[in-house]
Structure formats: C-alpha cells, structure tokens
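Undergrad: Here is my input; please provide its structure:
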Amino acid sequence: MKTIKIILTTISAVILLSGFAYAQDTTIVIKTSSQCEDCKKRIENSVSFEKGVKKVILDVETKNATVTYDKTKTSPDKLKKAIAKAGYDADEVPADAKAYKKLPKCCKKGGMETSH
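TA: Numbers count the residues shown, from 1 in each chain. Purely as a prediction, here's the structure:
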C-alpha cells in the first residue's frame, strides 16, 4: 500500500511539473518589414538565438513572425528588439538604422522591385 502511494505521488508530481513547464510557453505574432526569403532567414536566425525562444516562423506573404517562447526567459519587447537589430521593423519598434543600411537592396522596404 505504501509503495502504491509513493508511485501515485511521483506520478502526480511529474504531471504537475510537466503542466507547469508547458504553461510557461506562449506565442506572439510580430508584424515585420520583411520582403523576401532572405529576410525570412535573417529574422528567423536572429530571433532563434534569443534566450527562451522555442520556435520562430516568418510568413513572407503576411510579413508576420510567429514566435513561441518561454515567457520566464524573454519578453515580447526583447523579441521585437532582436528583429530590429537584424535591420527590420517589428511592430512599433523601428529597424536599427545601421543594420538596415547593411541589408541587401532586396531586403529593404520596396526592395523586391530590384533583383537579388
């Protein structure tokens, strides 16, 4: 009987801790100024190195970056700043001017009117 109680307590603790870890993840959608597949690679790479980021996918058509992250390790502001540091606007956060200047022409606003 004592063994069963210990097993049930252990299982309950594992379930509780699993639920707690899962509850820390959240998803945000950030509107960017991306233009092409090169932008997608840059943004996804930049954001993926932020602490706590689990997954980042940029939809080139909508220019939306969907980021799943651990909210105990990062914040929407930090994620937006990571995109801005890569040279792109992120919602209300403007692109870092120096990083923007380094982008290829195709990755700048209206840049898809030029060739790669």
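Undergrad: Helices of this structure, residue ranges please.
TA: 2-23, 37-48, 76-85, 97-102 (DSSP state H).
Undergrad: Give the buried residues for the shortest one.
TA: Spelled out, it's helix 97-102. 99-100 (16 or more other CB atoms under 10 Å). The way it works is simple: take the backbone N, C-alpha and C, and place the C-beta from them, glycine included.
Undergrad: how far out from the middle of the chain is it?
TA: When distances are taken as CA atoms, centre = their mean, to the nearest Å, helix 97-102 is centred 21 Å away from the chain's centroid.
Undergrad: which residue sits closest to the spatially most central residue of the chain, ignoring its sequence neighbours?
TA: Nearest to the mean C-alpha position of the chain, by CA atoms, centre = their mean, lies residue 67 at 3.3 Å. With sequence-adjacent residues excluded and distances taken as CB to CB, 6 or more residues apart in numbering, residue 67 is closest to residue 56, at 4.8 Å.
Undergrad: Same question for residue 81.
TA: With sequence-adjacent residues excluded and distances taken as CB to CB, 6+ apart, residue 81 is closest to residue 93, at 6.4 Å.
Undergrad: Name the residues linked to that neighbour by a beta bridge.
TA: Counting by DSSP bridges, residue 93 forms beta bridges with residue 90.
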